[in-house]
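**Student:** Curious how this folds, go ahead:
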Amino acid sequence: MGETEKFKIGDILNGIVIPLILVLLIAVLAIYVNVTGAYHVLGEGVIGVILTQGFAQMIVLGVPLVVGLLWNKWAGGAAGWIMGGMYYVASAGHYNGLYSSMGVTTYNFFGDISMLFYLVNAIIIGYMAGALNNRSTNFKRMLGAGLTAALITAVIQAFMNYNFSLEPARGMAQGLWLDLPNALLINFVPSIALGIIVPILGKVMTWYGIQPLRH
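**Tutor:** The predicted structure follows:
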């Protein structure tokens, strides 16, 4: 057995400072940027939506995407099942509680097929990226696989939101497309960013050997 490494200043940075920075960032987004935050400063504009809801969806889809790229399609799909399932349950419960607090009890977002597709798309994005990349560490292939999976799932989700979401959400989704630039921005820019950022992250991880062992 090797000797335990000595405690270093870098351990404090990685173990305390970086996690606290992440906590602070999440708190700022939730309180000052989230359109329903207590002290939101960006109003209900596009930027606020992208930085909160869009950012959350990028994390939910980004984890299975990077796992699929670095490991395989089955691991990517499994990660998507976990991440998408948590997001689906949390989002449906949030909106059920929100409308119930306003005295509206006719909506059950657990039965909203478009919301269920956040789970489906999280599985698809991890599986698809893994299948297209097939364990390659070539950056161009990783980028192509990531962008393809991200854009396809974005199109599927936009279609489901427009046609099959519950009426309050469906009306907003359809109304959004009356302003085409904003609709494209909200529906596809986060996915394009995801399809570029995650392959870059995945490639950097391969440089440092941060990837599953392959036998």
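**Student:** what packs against the host helix or strand of residue 90?
**Tutor:** Here residue 90 is covered by helix 73-101, with elements defined by DSSP states H and E. Other elements packing on helix 73-101 under the criterion 3 or more C-beta pairs under 8 Å, 6 or more residues apart in numbering; DSSP states H and E are helix 55-70, helix 113-133. The C-beta positions use only the backbone N, C-alpha and C, and glycine is treated the same way.
**Student:** Which positions in the first one come out as buried?
**Tutor:** Residues of helix 55-70 classed as buried: 55-58, 60-70 (neighbour count, 16 or more other C-beta atoms under 10 Å).
**Student:** again with stretch 77-93
**Tutor:** In stretch 77-93, counting by 16+ other C-beta under 10 Å, buried: 77-84, 87-88, 91-92.
**Student:** Lowest mean pLDDT among the helices and strands, pick that one out for this protein.
**Tutor:** When the helices and strands of the chain are scored by mean pLDDT, DSSP states H and E, helix 46-49 comes last with a mean of 54.
**Student:** where in the protein is pLDDT low?
**Tutor:** Along the chain, the parts satisfying pLDDT under 70 run over 1-4, 30, 32-54, 212-215.
**Student:** Quick check: chain neighbours aside, which residue is closest to residue 173?
**Tutor:** If the residues on either side of it in the chain are set aside, residue 173 comes closest to residue 161, at 4.2 Å by C-beta to C-beta, 6 or more residues apart in numbering.
**Student:** cool, residue 59 as well?
**Tutor:** When the adjacent residues along the chain are set aside, residue 59 lies closest to residue 83, with 7.8 Å between them (C-beta to C-beta, 6+ apart).
**Student:** just residue 166 next, same as before
**Tutor:** Residue nearest to residue 166 in three dimensions, not counting chain neighbours: residue 112, with 4.9 Å by C-beta to C-beta, 6+ apart.
**Student:** same deal with residue 152?
**Tutor:** Counting by C-beta to C-beta, 6+ apart, residue 152 lies nearest to residue 128, which is 6.8 Å off, once chain neighbours are set aside.
**Student:** got it, and residue 84?
**Tutor:** If the residues on either side of it in the chain are set aside, residue 84 comes closest to residue 122, at 2.8 Å by C-beta to C-beta, 6+ apart.
**Student:** In contact with residue 193: list those residues for me.
**Tutor:** Taking C-beta atoms under 8 Å, 6 or more residues apart in numbering, we find residue 193 in contact with residue 58.
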